[in-house]
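Engineer: From the sequence below, what's the structure:
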Amino acid sequence: MAGDAVLTVAGRELRAALRGRLIASFGALFGLLAVGIALAGLGGSGLVLVQDFTRTAASLLNLSLYLFPLLGLVMGAAAFSGSGGDLELLVAQPIRRSTVLAGRLLGLCAAISAVALAGFGAAGLLVGLRAGAAGLEGYLVVAAASLLAGAIGLGVGALLGVVLQGGWSAIGWALAVWLYFAVLFDLALIGALQVFGDARPGLGVAAALALNPVDALRTLALVRLDAELLLGPAGATLVGAYGSGAGFVVLAIAAASWLLGPGAAAAALFARRDL
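Structural biologist: Next comes the predicted model:
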C-alpha cells in the first residue's frame, strides 16, 4: 500500500513537471546543446563531421554537471518550500508525510531523467548512426554521473525548501548553493592548493573534493571515461591518482553521501514541520 501511494504521488508529480515550462525549457536547451556538441563542425568536404562517443562525452561532461545540479536544486527548493498550496494539499491526504516526500522526490527525479534522455539520447543516436559505438560505455558513465548530479541537487534543494519554507527564499539559497558547487568551491580549492599544497592530486585533494558533489562526480566520470589522451597531462594525472585505491573510494563514498544525506535530513525535518 505504501509503495502504491509513493508511485501515485510520483506519477502526479511527474505529470505536473512535464506540463510545466521548466522541464520543457531545460529539455529543449540541453537537447540542442548536446546535439550541437556532437557535431564537430564542417569538414573540408562540406559534410558535417560527428565526434565519437568518447569525445562527445568529454565535451558534454562539464555542461551537464552545470545544468543538472541547477535544475535539481531549483525544482527541489520549489517543491518543498510550501509555495503554491500543492504541498499542503498532498499532506492533507490520508498518507504519511514520508510517502509524500518520497513520491515527490521520485517524480521530480523522473522528470530530470526525461531531460537527460532528451539530450544524451538525441546526441547518442546521432553519434551512434554516424560514428559507430566505440566509447559508448564512457558516454553512459557521463550520462549516469549527470543524472546523479541532478538527483543530488534535488535532495539538497528539498532540504533547503523544508528548512526555509518561503518559496523565493528557498530558491535564492538554491541558486547560491549552485554557485558554490559550480564556481566558488573550485576557486577556493585552487587558492588553498597554491598556498598550502603542491597542487597535485592526492588523498588530501580527494577529501577536499568530497565537499563538492559536482567535483567528486566529475573526477569519477573522468576516471571511468578513460579519456586521458583527450585531456592531456591533467587527465592522465587524474587517472593515476584516482583510478584505484583510497582516492577513488573517498570520492565514491562522498558522492553516495551527498545522494542520500540531504534527502534523509529533509525527511526527518519534514515529518515534524508545521504546515
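Engineer: okay, CA-based contacts and neighbour counts for the rest of this
Structural biologist: Will do.
Engineer: quick one: the helices in the stretch 151-275 of the chain?
Structural biologist: Ranges of helices in the stretch 151-275 of the chain, per DSSP state H, counting those that start in this stretch, are 167-179, 185-196, 203-209, 213-225, 228-231, 233-242, 246-272.
Engineer: Just the CA atoms of the fourth one, as CSV, please.
Structural biologist: The one in question is helix 213-225. Listed next in CSV are the C-alpha coordinates belonging to helix 213-225 (Å, rounded to 0.1, in the frame of the first residue of the first chain):
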residue,chain,number,x,y,z
PRO,A,213,29.5,16.5,-5.1
VAL,A,214,29.8,18.1,-8.6
ASP,A,215,33.6,17.9,-8.5
ALA,A,216,33.5,14.4,-7.0
LEU,A,217,31.3,13.2,-9.8
ARG,A,218,33.3,15.0,-12.4
THR,A,219,36.5,13.3,-11.2
LEU,A,220,34.9,9.8,-11.0
ALA,A,221,33.5,10.2,-14.5
LEU,A,222,36.8,11.4,-16.0
VAL,A,223,38.5,8.3,-14.4
ARG,A,224,35.9,5.9,-15.8
LEU,A,225,35.8,7.7,-19.1
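Engineer: residues in contact with that helix?
Structural biologist: 54, 57-58, 61-62, 65, 69, 137-139, 141-142, 145, 149, 152, 181-182, 206, 209-210, 235, 238-239, 242-243, 248, 251-252, 254-255, 258 (Cα atoms under 8 Å, 6 or more residues apart in numbering).
Engineer: ok, back up a step: out of the helices of the stretch 151-275 of the chain, which is closest to residue 121?
Structural biologist: Residue 121 sits nearest to helix 213-225 of all these, at 17.9 Å, using Cα to Cα.
Engineer: Between helix 246-272 and the closest one, find me the angle.
Structural biologist: Calculated by axes from the mean of the first three to the mean of the last three Cα atoms, to 10 degrees, helix 213-225 forms an angle of 140 degrees with helix 246-272.
Engineer: chain center to helix 213-225, what's the gap?
Structural biologist: Distance of helix 213-225 from its chain centroid, counting by Cα atoms, centre = their mean, to the nearest Å, is 11 Å.
Engineer: likewise stretch 124-144?
Structural biologist: Its chain's C-alpha centre and that of stretch 124-144 lie 19 Å apart, by Cα atoms, centre = their mean.
Engineer: End to end on that stretch, go ahead and measure it.
Structural biologist: End-to-end distance of stretch 124-144: 13 Å, with Cα to Cα, to the nearest Å as the criterion.
Engineer: Could you list the buried residues of it?
Structural biologist: Using 16 or more other Cα atoms under 10 Å as the burial criterion, the residues of stretch 124-144 that qualify are 124, 126-128, 133, 135-136, 138-144.
Engineer: which pair in these spans the largest distance?
Structural biologist: Greatest spatial distance among those (Cα to Cα): 126 and 144, at 18.8 Å.
Engineer: Might you report the residue contacts of the most centrally placed residue in the chain?
Structural biologist: The residue lying closest to the centre of the chain (Cα atoms, centre = their mean) is residue 149, at 1.9 Å. Contact partners of residue 149, counting by Cα under 8 Å, 6+ apart, are 65, 68-69, 213-214, 217.
Engineer: rewinding a little: for the helices of the stretch 151-275 of the chain, which one ends up most surrounded?
Structural biologist: Burial of the helices of the stretch 151-275 of the chain is given as mean neighbour count (mean count of other Cα atoms under 10 Å); helix 213-225 ranks first at a mean of 23.
Engineer: got the angle for that one vs helix 185-196?
Structural biologist: Interaxial angle of helix 213-225 relative to helix 185-196 (the same axes, to 10 degrees): 80 degrees.
Engineer: Of all the helices and strands in this protein, which has the lowest average confidence?
Structural biologist: One helix or strand of the chain scores below all others by mean pLDDT, DSSP states H and E: helix 228-231, with a mean of 51.
Engineer: so where is this structure shaky, pLDDT-wise?
Structural biologist: For the chain, the stretches flagged by pLDDT under 70 are 1-2, 40-51, 82-85, 167, 193, 196-206, 226-245, 274-275.
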